[in-house]
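# quick one, structure for this:
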Amino acid sequence: MNPSKANDFPWKARKLGQRFRNLHNDHLPGLAQVARWKLGWGPEEAAASDESLCKEFEPKTVSPDFEAIFAPDPDRIVATWVGHSTFLLQIGGRNFLTDPHFGSHCAPVPLRGFRRQTPPGLSVSQLPRIDAILLSHNHYDHLDLQSLHALGRGTAIYCPTGVARLLRGIGARQVFELSWGESADFDGVHLFCLPAQHGSARTPFDRNGSLWCSWMLEQGGRKAAFLGDTGYHTLFMEFGNLWGPVDLAMIPIGAYRPAWFMRPLHLNPSEAVQVHLDLKAKHSAAMHWGTFLLADDPLGEPALLLKQAREAAGVSPEAFRLLGLGETWVV
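Sure, this is the predicted structure:
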């Protein structure tokens, strides 16, 4: 799909009153379901794995490839996993940062249950100059105000509709809001704002008051998809038909247990492999795992289950990779 076709994009954001809605699933869990989950009142589910095996699948820290990071090949896509949903994504010689989070916790206050479990693969001081930031939504594990402040108020930020006010409140000077189906050009890199199946909130009172999204980047025929936070939806097949094959997809694999609560919001590893296939991705990198304990899945279980799901689907480990923290992949 080229930028001129973005005007005919078939999937537009919709609202019910002041609240944004998903395209295919409006039955997202609310506060009552959160309480039910935390109190253990939900339906019983069988264990997804032998938890004794999960420890060996926790992410390992890798020494960053600073040669590739500071002199990226402009004809290749260079992706470095910092942790959770944060990638240093380099395409067309431009340096993007996705959902930057370098902090010690992912909550408005440093609650023990929301502490970072593994260190960032790169610190802010080790990054090259960041040209632009891509945000998928406003949840605390994806939009960390301290990290954004550390990256500088003048850095361009692209975000979904309704998030700009929060960013301008911390002094961000270049903020660009996009809705589903809208696109922007950043120095020759085309940015497309795509639907995701998720939600948004910073407080109990602003649920779904701002939009959530995925991103597609295209430059010189190369395409990279950053899927943000999402449950499974059939639109991935349609994205694959429009943009596929995608050169690199960054796909979330964690925070899927208990399934009765999490499935509308987050991909499990088997669904993530299906998304890889739906997008006709040449390469995919796992994200949204191994950093914060956001759900009932143990820290290393997403990686263990991804390995099993790849084998079941005939997808090679090199096609859908589990990067180490700080590891760089040139595709």
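
# and residue 218, bridged to which residues?
Beta-bridge pairing for residue 218 (DSSP bridges): residue 190, residue 223.

# what do you get for residue 320?
Residues in beta-bridge contact with residue 320 (DSSP bridges): residue 284.

# could I get the pLDDT score of it?
Note for residue 320: predicted pLDDT of 98.

# farthest residue from the center of the chain?
Largest separation from the mean C-alpha position in the chain: residue 41, at 29.4 Å (CA atoms, centre = their mean).

# ok, now how distant is that residue from residue 32?
Taking CB to CB, to the nearest Å as the measure, residue 41 falls 10 Å from residue 32. Glycine gets a C-beta too; all of them are placed from N, C-alpha and C.

# same check, this time on residue 78
Residue 78 sits at a distance of 44 Å from residue 32 (criterion: CB to CB).

# out of these two, which sits in the busier spot?
More crowded of residue 78 and residue 32, by other CB atoms under 10 Å: residue 78, with 23 against 8.

# contacting residues around residue 142?
Residue 142 is in contact with 85, 99, 101, 135-136, 228-229, counting by CB atoms under 8 Å, 6 or more residues apart in numbering.

# and stretch 180-199, what's buried?
The neighbour-count check on stretch 180-199 (16 or more other CB atoms under 10 Å) flags 180-184, 186, 189-199 as buried.

# average pLDDT across stretch 22-29?
80.

# residues in contact with it?
11, 14, 16, 37, 195, 197-199, 208, 231, 233-235, 261, 264-265.

# one more pass at 6 Å, please.
The contact list for stretch 22-29 (CB atoms under 6 Å, 6 or more residues apart in numbering) reads 195, 197, 199, 233, 261, 264.

# I'd like those written out as TSV, with secondary structure and pLDDT added.
TSV is the format used below for the contacts of stretch 22-29 (DSSP: H, G, I helix; E, B strand; the rest coil; pLDDT from 0 to 100):
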residue	secondary structure	pLDDT
195	coil	96
197	coil	96
199	coil	95
233	coil	92
261	helix	93
264	coil	92
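
# would you format these as a markdown table with distance to residue 165 included?
Listed next are the contacts of stretch 22-29 as a markdown table, based on distance: CB to CB, whole Å:
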| residue | distance to residue 165 |
| --- | --- |
| 195 | 22 |
| 197 | 24 |
| 199 | 18 |
| 233 | 28 |
| 261 | 29 |
| 264 | 27 |
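
# which residues touch the residue nearest to residue 141 when sequence neighbours are not counted?
Of all residues not flanking residue 141 in the chain, residue 106 sits nearest, at 3.8 Å (CB to CB, 6 or more residues apart in numbering). Neighbouring residues of residue 106 by CB under 6 Å, 6+ apart: 114, 140-141, 292.

# likewise for residue 227?
214, 251.

# repeat the analysis, applying 8 Å as the threshold.
Residue 227 neighbours (CB under 8 Å, 6+ apart): 136, 196, 214, 249-252, 275.

# before we move on, back to that, list phi and psi for the residue nearest to residue 141.
Here is the backbone geometry of residue 106 (degrees, to the nearest 10): phi -130, psi 50.

# mind checking the SS state of residue 162?
Following DSSP: H, G, I helix; E, B strand; the rest coil, residue 162 is assigned to coil.

# on that earlier part again, with pLDDT, neighbour count and distance to residue 66 added, can I get the contacts of residue 142 in TSV?
Converted to TSV, the contacts of residue 142 look like this (pLDDT from 0 to 100; neighbours: other CB atoms under 10 Å; distance: CB to CB, whole Å):
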residue	pLDDT	neighbour count	distance to residue 66
85	98	26	22
99	98	27	22
101	98	25	21
135	98	26	26
136	98	28	27
228	97	26	27
229	97	27	29
